[in-house]
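Participant: Provide a 3D model corresponding to the input given below.
(4 chains)
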Amino acid sequence: MPWNREQIAARAAQELKDGFYVNLGIGIPTLVANMIPEGVSIQLHSENGMLGMGPFPYAGEEDADLINAGKETVTKIPTTSFFDSAMSFGMMRGGHIDISILGGLQVSEKGDLANWTIPGKMVKGMGGAMDLVAGVPRIVVVMEHEAKGQSRIVNECTLPLTGRQVVDLIITDLAVFEVDPARTPSLKLIELAPGVSAGEVREKTDAAYVEALN
Amino acid sequence: MPWNREQIAARAAQELKDGFYVNLGIGIPTLVANMIPEGVSIQLHSENGMLGMGPFPYAGEEDADLINAGKETVTKIPTTSFFDSAMSFGMMRGGHIDISILGGLQVSEKGDLANWTIPGKMVKGMGGAMDLVAGVPRIVVVMEHEAKGQSRIVNECTLPLTGRQVVDLIITDLAVFEVDPARTPSLKLIELAPGVSAGEVREKTDAAYVEALN
Amino acid sequence: MTNKVYRDSASALTGLLRDGMTIISGGFGICGIPDSLLAAIEDSGVRDLTIVTNNPGLDGMGVGRLVNSRQVRKLIASYAGENATFAKQYLAGEVELEYCPQGSLVERIRAGGSGIPAFYTPTGVGTQVAEGKETRLFDGREYLLERGIFGDLAVIHAWKGDSEGNLVYRMTARNFNPVMATAAKVTVAEVEHLVEPGEIDPDHIITPGIFVKRMVQVPDPYKHIEKRTVRQRA
Amino acid sequence: MTNKVYRDSASALTGLLRDGMTIISGGFGICGIPDSLLAAIEDSGVRDLTIVTNNPGLDGMGVGRLVNSRQVRKLIASYAGENATFAKQYLAGEVELEYCPQGSLVERIRAGGSGIPAFYTPTGVGTQVAEGKETRLFDGREYLLERGIFGDLAVIHAWKGDSEGNLVYRMTARNFNPVMATAAKVTVAEVEHLVEPGEIDPDHIITPGIFVKRMVQVPDPYKHIEKRTVRQRA
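Facilitator: Residues are numbered from 1 along each chain as shown, chains lettered A, B, ... in the order given. The predicted structure follows:
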């Protein structure tokens, strides 16, 4: 049975190591914050200028001056620091954030990522997505394997790119792929959701990949 | 009679306007701080990371953590702010400091300044001098008119440059010159020290200039 | 000492506004926005503005005020997702839009404020953002050339300021404000609390007064929350 | 949580030192220098170092320690005026020296720490500093291309830090320290006061803990004054 959203998030949370500074995207990635493995302590980065992001506030304790990058009210914790947007993106672009877990629309065989816009719709803007993928050394994309019966793991992205050769790991409801653009093919299937067969993944994946299942 | 060092500094102090942010070099420029005209309030910038620099401390109140760019102990005042070196030089390069008063070794006819090194001596380094002249919109150079009988206001600097076409005003013991590289000649003699004749200045100045004395 | 403190937002902007100018505004969404100064710009009727801000916020709030009143000719931003009026004007071709990745946007503003005309960045390489931009390899990696941004006017919001213009910010209401404070011919700051010089510890000051030409106190500004998210008490 | 706090400077540097590496050191003159960490680097005997610092301070203090012990192969700095031993080694051709204007130096370090490989600056145009560097016109003015600097190790001094690595600085002992904290594979900070997370107001933190991998407390460090200048009481 394919993983559900929570299970995808739980699998992504296994990528977090103790002491990591972590940026989580919107959607499934947000769920990762509640699934940090036992004994692992991380600090969450919010690109609007905060490290050490706490949970949502209790009702009545919301503060308009304390929000995350999704504009949601959050809280501070003892490790929290605040800083301006230039330093916040310096952290990203300078490679100081250890890992980012993001949603995706398409990932290509070489690790190109498209996740910011769909042509024909009103473009909302890329916000900080392009900076994240350009600067953070490890990018994990979590997404449904297919959209409307179409594979999201493709030979070439047809949607506008967020970044070129930036994805290191793809976690879908069906499987986990490593990406290494130095290899051909660059994708390696390393894990299946329980009850999902390698054949089903092969059938539902447009991109070329090698299997390296244990 | 030519101006002495204090009188040169006092003349330079007349260039300061109320509300100015000011960077003073070492030597004669340092004396300017004691000659601010009545009714004029300025803030002194020290490039090691301080705005609103106070006077030297009273004996016994020196603090190793509170020095100016000349490494001398100073004090804070109510308007003081501290910041890092990147912001400090951003203030300079970004044109936020209103004026800098600096010493000079040579100034050329086009306003080139040489004031950081003499070939043959051990080079101490330019420190922040090149940043100052590149970024501060108004540069006033104060210096003796001659060194060992040689004019310091020259057609072309023979000493290594600190900056090209950066000087706006020259104040020597003999006279005051405006510099405007858009004109030819670029130098304009606008003022004489009391008892100094225009002829004496002409004789002791290598560079071409026009006279515009009142 | 020149007095930097003005009695209200309208007087703090006197003589600074003209049609076609570039205004840089602090804030992220509607958090930490100089709403009182933006309201005064709205009231002034100045037109054909180029606005540089992370995102125009909500309909009729912050920069959204100037969108509703059709005073904005061009927007430079990283995001414009939650402003329906802006979307409508944009799709009707009534307003120009330049999207810039958020980190490139803030770095361009920082560069403009600190005398850097241009810099290279990895952000956007291989994407639409790279179109028409110079690319260059450094140590085998490709980068884009981005230009600094410097405005005619910056409007910002701070938590507390002294009359010298030294400012501190509160939590994530800091965001773009300290950077934008550095990057315009004139910066006007609204502060919630106005104090005397010396009342803020000089080690805590985020924006030194040199960057702030004019100030106005806006006590108890109305602060809207864009997305109220809470958890239940256990 | 990974423990960032080490019991002394030598252990805080364990496994980080190797011959030929590039070390970035905070401080201005001998103000705000990580003297305890530099002493531990001296004791380690590591050699052929490239040191990036504003100026090597006084003989035998701060980076001057590593000059005296001949562990420095190359210095990148804006000034080296008050260190006679360095001058002697330099004139004897025993040590390499790259002068960089102070503002370009700190901006190069900031660039290195924030993922900017290169930027244009007006500083040094038409001077010796421009030799061998690309120049380019933007809006009719000439600029130089300068490259970012990123070290193998940064050593810095802070006033107070919590065990998460969040740091604050005291007065002009801040100087280059917060910038250098961002620009190396590993940053080690010495702090005069070590506190628990939450004891420093998060709005006052200058260096967020993300930049600091290791820390050591150095209570009551000896602080030398380079030029004691005083005034008389009236």
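
Participant: what ranges do the strands span in chain C?
Facilitator: Using DSSP state E, the strands found in chain C span residues C:5-6, C:22-25, C:49-52, C:72-77, C:96-99, C:118-121, C:135-138, C:141-147, C:151-162, C:167-168, C:184-195, C:214-217.

Participant: Which strands border the third one, and is each parallel or antiparallel?
Facilitator: To tie it back to what came earlier, the one meant is strand C:49-52. Strand C:49-52 has the following strand partners under DSSP bridges: strand C:22-25 (parallel), strand C:72-77 (parallel).

Participant: same question for it, mean pLDDT?
Facilitator: Averaged across strand C:49-52, the pLDDT comes to 98.

Participant: in that strand, what counts as buried?
Facilitator: Going by neighbour count (16 or more other C-beta atoms under 10 Å in any protein chain shown), the buried part of strand C:49-52 is C:49, C:50, C:51, C:52. The C-beta positions use only the backbone N, C-alpha and C, and glycine is treated the same way.

Participant: which one of the strands paired with strand C:49-52 is the most hemmed in?
Facilitator: strand C:22-25 (a mean of 25; mean count of other C-beta atoms under 10 Å in any protein chain shown).

Participant: which residues are contacting that strand?
Facilitator: C:33-34, C:38, C:41, C:49-53, C:62-63, C:109, C:149, C:151-156, C:180, C:183-184 (C-beta atoms under 8 Å, 6 or more residues apart in numbering or on different chains).

Participant: Export it to PDB, keeping only CA atoms.
Facilitator: Taking C-alpha atoms only, strand C:22-25 is exported to PDB below (Å, rounded to 0.1, in the frame of the first residue of the first chain):
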ATOM      1  CA  THR C  22      10.900  54.300  -6.900                       C
ATOM      2  CA  ILE C  23       9.800  53.500  -3.400                       C
ATOM      3  CA  ILE C  24      11.200  50.600  -1.400                       C
ATOM      4  CA  SER C  25       9.000  49.200   1.300                       C
END
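
Participant: relative to strand C:72-77, how tilted is the helix or strand bottoming out on mean pLDDT in chain C?
Facilitator: For chain C, using mean pLDDT, DSSP states H and E, the weakest element among its helices and strands is helix C:84-91, scoring a mean of 91. Relative orientation of helix C:84-91 versus strand C:72-77 (axes from the mean of the first three to the mean of the last three C-alpha atoms, to 10 degrees): 110 degrees.

Participant: where does the spatially closest residue to residue C:95 that is not a sequence neighbour sit relative to residue C:68, distance-wise?
Facilitator: Spatial nearest neighbour of residue C:95, excluding adjacent residues (C-beta to C-beta, 6 or more residues apart in numbering or on different chains): residue C:89 at 4.4 Å. Going from residue C:89 to residue C:68 by C-beta to C-beta, to the nearest Å gives 9 Å.

Participant: Over to residue C:148?
Facilitator: For residue C:148 relative to residue C:68 (C-beta to C-beta), the value is 30 Å.

Participant: who has more neighbours, those two?
Facilitator: residue C:148 (22 against 17; other C-beta atoms under 10 Å in any protein chain shown).

Participant: Spit out the contact partners of the more buried one.
Facilitator: C:108, C:109, C:111, C:112, C:113, C:116, C:117, C:118, C:119, C:183.

Participant: that older thread, ok, of the buried residues of strand C:49-52, which one's closest to chain B?
Facilitator: Chain B lies nearest to residue C:52 out of those, by C-beta to the nearest C-beta, at 16.2 Å.

Participant: picking that back up, and the residue nearest to residue C:95, how many neighbours does it have?
Facilitator: 19.

Participant: Residue A:87 too?
Facilitator: If you count neighbours by other C-beta under 10 Å, residue A:87 ends up with 28.

Participant: Could you check how far it is from chain B?
Facilitator: 11 Å (C-beta to the nearest C-beta, to the nearest Å).

Participant: for that residue, what are its contacts?
Facilitator: A:49, D:114, D:208.

Participant: What about chain C: which of these touch it?
Facilitator: Among the contacts of residue A:87, the ones lying near chain C by C-beta under 8 Å from any C-beta of the partner chain are A:49, D:114.

Participant: Same list (the contacts of residue A:87) but as a markdown table, adding distance to residue B:178 and neighbour count.
Facilitator: Shown next, in a markdown table, are the contacts of residue A:87 (distance: C-beta to C-beta, whole Å; neighbours: other C-beta atoms under 10 Å in any protein chain shown):
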| residue | distance to residue B:178 | neighbour count |
| --- | --- | --- |
| A:49 | 46 | 30 |
| D:114 | 41 | 28 |
| D:208 | 48 | 31 |
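
Participant: Out of the contacts of residue A:87, flag the one nearest to chain B.
Facilitator: Taking those together and measuring to chain B by C-beta to the nearest C-beta, the closest member is residue D:114, at 10.0 Å.

Participant: and residue C:59, how many neighbours does it have?
Facilitator: Residues near residue C:59, counting by other C-beta under 10 Å, number 14.

Participant: in terms of contact, does residue A:139 touch residue A:100 like I think?
Facilitator: Yes. Counting by C-beta atoms under 8 Å, residue A:100 is a contact partner of residue A:139 at 5.5 Å.

Participant: what's the overlap in contacts for the two?
Facilitator: A:132, A:133.

Participant: and chain C, which residues reach chain D?
Facilitator: Checking chain C against chain D by C-beta under 8 Å from any C-beta, the hits are C:107, C:111, C:114-122, C:138-139, C:141, C:143, C:147, C:168-171, C:174, C:201-204.

Participant: Now for the residue nearest to residue C:95: which residues touch it?
Facilitator: With C-beta under 8 Å, 6+ apart, residue C:89 has these contacts: C:67, C:70, C:95.

Participant: Of those, just the buried ones, ChimeraX syntax please.
Facilitator: A single ChimeraX command selects the buried members of the contacts of residue C:89 (16+ other C-beta under 10 Å):
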select /C:67,95
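
Participant: so who does the most far-flung residue of chain A relative to its centre touch?
Facilitator: Relative to the centre of chain A, the most outlying C-alpha is that of residue A:60, 31.1 Å out, by C-alpha atoms, centre = their mean. Taking C-beta under 8 Å, 6+ apart, we find residue A:60 in contact with no residue.

Participant: again with residue C:228
Facilitator: By C-beta under 8 Å, 6+ apart, the neighbours of residue C:228 are A:62, A:73.

Participant: Over to it: give its phi and psi.
Facilitator: The phi/psi pair for residue C:228 (degrees, to the nearest 10) reads phi -80, psi 110.

Participant: about what we covered before: chain A: which of the contacts of residue C:89 is nearest?
Facilitator: residue C:95 (12.8 Å).

Participant: Tell me if I'm right that that closest one and residue C:76 touch.
Facilitator: No. With contact defined as C-beta under 8 Å, residue C:95 does not count as touching residue C:76 (11.6 Å).

Participant: State the number of residues packed around residue A:142.
Facilitator: 27.

Participant: part of a strand, is it?
Facilitator: Yes. Assigned with DSSP: H, G, I helix; E, B strand; the rest coil, residue A:142 falls within a strand.
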